[in-house]
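>>> need a 3D model of the following:
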Amino acid sequence: MTVNHDRAVLLVSHGTVDELDDLPAFLTNIRRGHAPPPELLAEVRRRYEAIGGRSPLNAICRDVAEALEARMGVPVRSALRLFRPGPKELLTELVAMGVRKVAVLPLAQHSAYIYGEATEKAARELEADGGVHVDVVCAKNWGREPQLTEAFARGVRGALEAIPRDAWGRTTIIMSAHSLPLAVVRGGDPYEAEVRASAAAVAEALARVLGTSTPRHVVCFQSQGMSAGPGGRPVEWLGPGLEAALDETKARGDSHVLIAPIGFLADHVEILYDLDIEARAWAEARGLSLSRTASLNATSGLLDTLETIAKPLLASFDDGRA
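Numbers count the residues shown, from 1 in each chain. Model (predicted):
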């Protein structure tokens, strides 16, 4: 049962739809108000159908919120940045419970500021609508939080143990994150540097345990967008992409790839379709076998990390740092 409190935690994820008929509205939000062309809508729908007709992302985030609330004793809610319920809807719910101070945990560890800005905007709109002020403090990028690094490293070790030990020397670990338009990175966004630093931290954690038997690792940026830019011009995406990483693995003479999607916290289309279906087919076409690490989802690895991040944010309301 939720405890009434003057403060709360708000998780903010990218979000998805629970019903395929909502895909047009969801894609319109992603495209900043531009309706998706029919071929894009059809392709995205096909991918959702290929993983069973629904992404588990929203349900996983709700499970994380419920478990974190039980741990922390304050209300914890899950908002979607690009669909319903959005930050404003959840802030309205929390305000009705008496909450006036909210710690925001973006479930995008390398792009936290985007989710924080969305929540701060929602708080301003809420105040303009009803005159209720809500103090909001948001976590900064947390991709190198030690508990998160260790959780990813444990996942890689577990996946390696499913591979014969004598095959480790012919295995490449591909640490992946979502790609971004290259113009964003060139404009000064630290995303690429953050992802690469996170991958290096996970590799170091692996090496401390496995020593010289640790397979080599590379970084790639997967799941490039499918639509064109303004005026129909192609969008240049941050790379190397996943196919390039597979080609590099093949050229080096390795025979197995272990994908560790360290840019993602939970199962979604980018995991269940882009990796488990599309990337597996790409690997097989190159004569490579493929496995991947399990997503963190609502496991203790992610919950421990979020609790560690949330506690000082909530405490900052008392000591004036917020």
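
>>> could you list the domains of the protein?
Per automatic domain parsing, the structural domains of the chain span 7-142+299-319, 146-292.

>>> mind putting those domains in CSV, mean neighbour count included?
Where C-beta positions appear, they are placed from N, C-alpha and C, glycine not excepted. Shown next, in CSV, are the domains of the chain (neighbours: other C-beta atoms under 10 Å):
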stretch, mean neighbour count
domain 7-142+299-319, 18
domain 146-292, 18
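
>>> need the ones you listed in a markdown table with mean pLDDT, can you?
What follows is the domains of the chain, written out as a markdown table (pLDDT from 0 to 100):
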| stretch | mean pLDDT |
| --- | --- |
| domain 7-142+299-319 | 97 |
| domain 146-292 | 96 |
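
>>> so what's the residue lying closest to Ala25 once chain neighbours are set aside up against?
Spatial nearest neighbour of Ala25, chain neighbours left out: Phe83 (7.6 Å); criterion: C-beta to C-beta, 6 or more residues apart in numbering. Contact partners of Phe83, counting by C-beta atoms under 8 Å, 6 or more residues apart in numbering, are Gly15, Thr16, Val17, Asp22, Ala25, Phe26, Asn29.

>>> which among these gets closest to Gly253?
Thr16 (38.8 Å; C-beta to C-beta).

>>> quick check on that closest one: phi, psi?
In terms of degrees, to the nearest 10, the main-chain angles of Thr16 are phi -160, psi -170.

>>> out of the contacts of Phe83, which one sits closest to Thr92?
Out of the contacts of Phe83, the member with the shortest distance to Thr92 (by C-beta to C-beta) is Gly15, at 17.1 Å.

>>> surely the closest one is in a strand?
No: according to DSSP: H, G, I helix; E, B strand; the rest coil, Gly15 belongs to no strand; its state is coil.

>>> how near is Val218 to Leu238?
Going from Val218 to Leu238 by C-beta to C-beta, to the nearest Å gives 15 Å.

>>> so what's the nearest residue to Arg196 once chain neighbours are set aside bridging to?
Setting aside the residues directly before and after it, Arg196 is nearest to Val219 in space (C-beta to C-beta, 6+ apart), at 5.6 Å. Taking DSSP bridges, one obtains Met175 as the residues bridged to Val219.

>>> residue contacts, Val219?
Counting by C-beta under 8 Å, 6+ apart, Val219 has contacts Ile174, Met175, Ser176, Ala177, Val195, Arg196, Ala199, Pro240.

>>> check which helix or strand the fifth one maps to.
Here Val195 sits within helix 191-210, counting by DSSP states H and E.

>>> for that helix, packing partners?
With contacts taken as 3 or more C-beta pairs under 8 Å, 6 or more residues apart in numbering; DSSP states H and E, helix 191-210 sits against helix 146-161, strand 171-178, helix 182-186, strand 216-222.

>>> residues in contact with it?
So helix 191-210 is contacted by 109-111, 141, 143-144, 149-150, 152-153, 156-157, 160, 173, 175, 177, 180, 184-185, 214, 217, 219, 221, 238, 260, 262-263 (C-beta under 8 Å, 6+ apart).

>>> what do you get if the cut-off is 7 Å, keeping everything else the same?
Helix 191-210 is touched from outside by 110-111, 141, 143-144, 149-150, 152-153, 156-157, 175, 177, 180, 185, 214, 217, 219, 238, 262-263, with contacts defined as C-beta atoms under 7 Å, 6 or more residues apart in numbering.

>>> in contact with the closest residue in space to Pro240 that isn't next to it in sequence, which residues?
Of all residues not flanking Pro240 in the chain, Cys220 sits nearest, at 5.3 Å (C-beta to C-beta, 6+ apart). Going by C-beta under 7 Å, 6+ apart, Cys220 touches Ile174, Ser176, Pro240, Gly241, Leu242, Ala244, Ala245.
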